[in-house]
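S.K.: build the 3D model from these lines:
(one chain, ligands or ions: 2)
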Amino acid sequence: MTETQPNRTAVLGCIADDVTGATDLANNLVRGGMRVVQVLGVPDARVLANAFEVDAIVVALKTRSIPKQDAISQSLDALKSLQALRISHFYFKYCSTFDSTEEGNIGPVAEALMDSLGVTQTVFCPAFPAAGRTVYQGHLFVGDQLLNESGMQNHPLNPMTDANLVRFLGKQTSRRVGLVSSAVIESGAAAVAQRLSQLKEDDVSMVVTDTTSDEQLTMLASSCASLPLVTGGSGLARFLPDAYRECGLLHSQVFAPEVPKVDGRSLIVAGSCSRATAGQIRYMDGKCPLYRIDVSGVMDDPNVEQNKIVKWASESDPGQPVLIASGASPEQITETQERFGAMEVALAIENFLSALTVRLVKDLGFTRLVLAGGETSGAIVRELGIDTLRIGPEICTGVPWTESLDRERSLALALKSGNFGDANFFESALEMLR
Ligand SMILES: Nc1ncnc2c1ncn2[C@@H]1O[C@H](COP(=O)(O)OP(=O)(O)O)[C@@H](O)[C@H]1O
Ligand SMILES: O=C(O)[C@@H](O)C(=O)COP(=O)(O)O
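M.R.: Ligands and ions are numbered 1, 2, ... in the order given. A predicted model of the protein is given here:
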């Protein structure tokens with residue numbers, strides 16, 4: 001291939017541990033000028049046939065909160081499917097708030113990918129300064145708060161109680177974990193390369209990178225462009241396409257993504273209990289019909305609660321979106337979890353919201369869906385049977401509009417990470433479709 005020919009096959013294969021994380025990553029790659037397709041679940045040959053003439057393929061898994069061995073095996077399956085396309089560079093995407101537990105799954109999955117690729121060192125870069133996530137001296141901040149004081153300590157599935165990523169990642173892996181500190185980052189690409197090779201000599205294979213600005217991410221992206229595997233949030237991905245262009249790996253031109261052209265009713269489903277989503281629900285209260293789910297009712301008899309909501313939605317003004325939310329206060333969540341078990345409640349609510357959404361789409365013709373929460377969105381898109389998404393324009397940092405590519409009737413989907421977006425996110429997302 002000559003330098004001027006656009007790539008016909010992807011140069012970057014991405015494996016994301018949840019679906020909103022995947023769209024966040026895809027969004028940043030698109031903003032960097034890549035042509036991107038997102039596939040849901042480990043793709044087979046039929047699905048990958050859609051991935052011709054793209055620069056990056058993002059595989060969205062739902063492996064963040066499942067048993068470690070399952071997460072490893074699905075991630076390796078995803079890697080194999082991408083390797084079959086002769087992709088040479090890979091990106092393991094996890095949350096910019098490093099959502100995981102002391103058992104995993106970030107460290108163990110990264111380790112398995114490294115082993116499979118024969119890679120002896122990789123970087124861990126959760127920083128996403130545009131969304132307020134920065135790393136300083138190995139500590140993760142959300143805005144001006146340490147991770148463990150940011151609200152993430154109350155997450156229903158992976159409460160984040162330690163902001164020190166070197167220590168926390170160290171608990172998830174038997175590999176040595178080190179840091180490229182801000183002092184090194186400030187000194188530039190050569191200093192970073194030197195530090196990485198020094199750490200490699202010291203047998204440090206997992207390297208957390210301090211990053212507090214887009215300028216530092218740009219520099220880090222250049223330093224990482226030759227690595228077969230990088231890991232992180234989506235921040236680094238915003239700058240990798242240019243770094244790949246500079247080193248001759250990527251040849252395509254920057255293109256402008258289009259808003260999905262999908263008519264029909266709008267549905268907002270929020271299964272996230274994060275602070276940002278709670279604020280977004282409060283903002284819509286009074287602006288559109290809002291149904292707050294009775295979680296005990298869901299645990300007792302989901303069918304009764306589902307029928308109630310379908311009836312309520314069918315009687316609502318078709319000119320308005322409807323908003324259905326399961327979120328509760330940290331105290332209420334703890335109480336429900338103590339009664340039923342944390343994972344049992346989480347899965348029951350995910351299953352409930354998925355079945356409900358499918359019914360609202362099929363029976364009442366909702367076609368514009370805004371879904372809040374990574375696990376929630378993952379469960380719903382799986383139940384809807386969607387396997388490929390086209391990435392549209394950005395709604396807010398980390399959240400693009402997307403359009404399903406494989407259904408008879410297209411759906412417009414905004415898959416929002418629980419913690420992303422301003423208070424008016426739901427309203428502004430839907431306004432973009434007018
Ligand atoms: N009221 C509730 N009590 C307990 N768990 C809940 C409640 N509402 C939602 N959940 C669960 O909390 C989890 C939220 O995770 P997720 O959807 O990924 O949101 P986020 O993006 O904020 O992390 C889901 O598994 C969801 O089913
Ligand atoms: O990196 C991020 O912050 C997001 O892309 C992400 O993964 C968020 O996860 P959820 O909050 O579970 O949606």
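S.K.: what about residue 271, how many neighbours?
M.R.: Residue 271: 27 surrounding residues under other Cβ atoms under 10 Å. Where C-beta positions appear, they are placed from N, C-alpha and C, glycine not excepted.
S.K.: verify the stated contact: it with residue 348.
M.R.: No: look at residue 271 against residue 348 with Cβ atoms under 8 Å: they stay out of range, at 11.0 Å.
S.K.: how is the chain divided into domains?
M.R.: Per the record's domain assignment (automatic domain parsing), the chain is made up of the domains 12-246, 265-433.
S.K.: now for these, which one comes closest to residue 259?
M.R.: domain 265-433 (5.6 Å; Cβ to Cβ).
S.K.: now that closest one, how far from the centre of its chain.
M.R.: Relative to its parent chain, domain 265-433 has a centroid offset of 16 Å by Cα atoms, centre = their mean, to the nearest Å.
S.K.: follow-up on the earlier one: as a markdown table, the domains of the chain with distance to ligand 1 and mean pLDDT would be great.
M.R.: Shown next, in a markdown table, are the domains of the chain (distance: least, Cβ to the nearest ligand atom, whole Å; pLDDT from 0 to 100):
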| stretch | distance to ligand 1 | mean pLDDT |
| --- | --- | --- |
| domain 12-246 | 4 | 95 |
| domain 265-433 | 2 | 95 |
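S.K.: how about the ones you listed in a markdown table, adding distance to residue 254?
M.R.: Shown next, in a markdown table, are the domains of the chain (distance: least, Cβ to Cβ, whole Å):
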| stretch | distance to residue 254 |
| --- | --- |
| domain 12-246 | 3 |
| domain 265-433 | 13 |
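S.K.: and stretch 161-174, does that touch ligand 2?
M.R.: No: using Cβ under 6 Å from any ligand atom, stretch 161-174 stays clear of ligand 2, coming no nearer than 13.8 Å.
S.K.: buried ones in that stretch, by neighbour count?
M.R.: By neighbour count on 16 or more other Cβ atoms under 10 Å, the buried set for stretch 161-174 is 162-166, 168-170, 172-173.
S.K.: which residues of the stretch 301-434 of the chain lie near ligand 2?
M.R.: Counting by Cβ under 6 Å from any ligand atom, the stretch 301-434 of the chain sits next to ligand 2 at 373-374, 398, 417-419.
S.K.: need the max-distance pair from those residues.
M.R.: Longest span within those, Cβ to Cβ: 373 and 398, 13.5 Å.
S.K.: what do those two both touch?
M.R.: Here residue 373 and residue 398 have residue 417 as joint contacts, going by Cβ atoms under 8 Å, 6 or more residues apart in numbering.
S.K.: in the stretch 301-434 of the chain, which spans are helices?
M.R.: 302-314, 330-340, 342-364, 374-384, 425-431 (DSSP state H, counting those that start in this stretch).
S.K.: same list, the ones you listed, but as JSON lines with distance to residue 129 and mean neighbour count please.
M.R.: Output for these, formatted as JSON lines (distance: least, Cβ to Cβ, whole Å; neighbours: other Cβ atoms under 10 Å):
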{"stretch": "helix 302-314", "distance to residue 129": "39", "mean neighbour count": "15"}
{"stretch": "helix 330-340", "distance to residue 129": "27", "mean neighbour count": "14"}
{"stretch": "helix 342-364", "distance to residue 129": "30", "mean neighbour count": "18"}
{"stretch": "helix 374-384", "distance to residue 129": "20", "mean neighbour count": "26"}
{"stretch": "helix 425-431", "distance to residue 129": "19", "mean neighbour count": "19"}
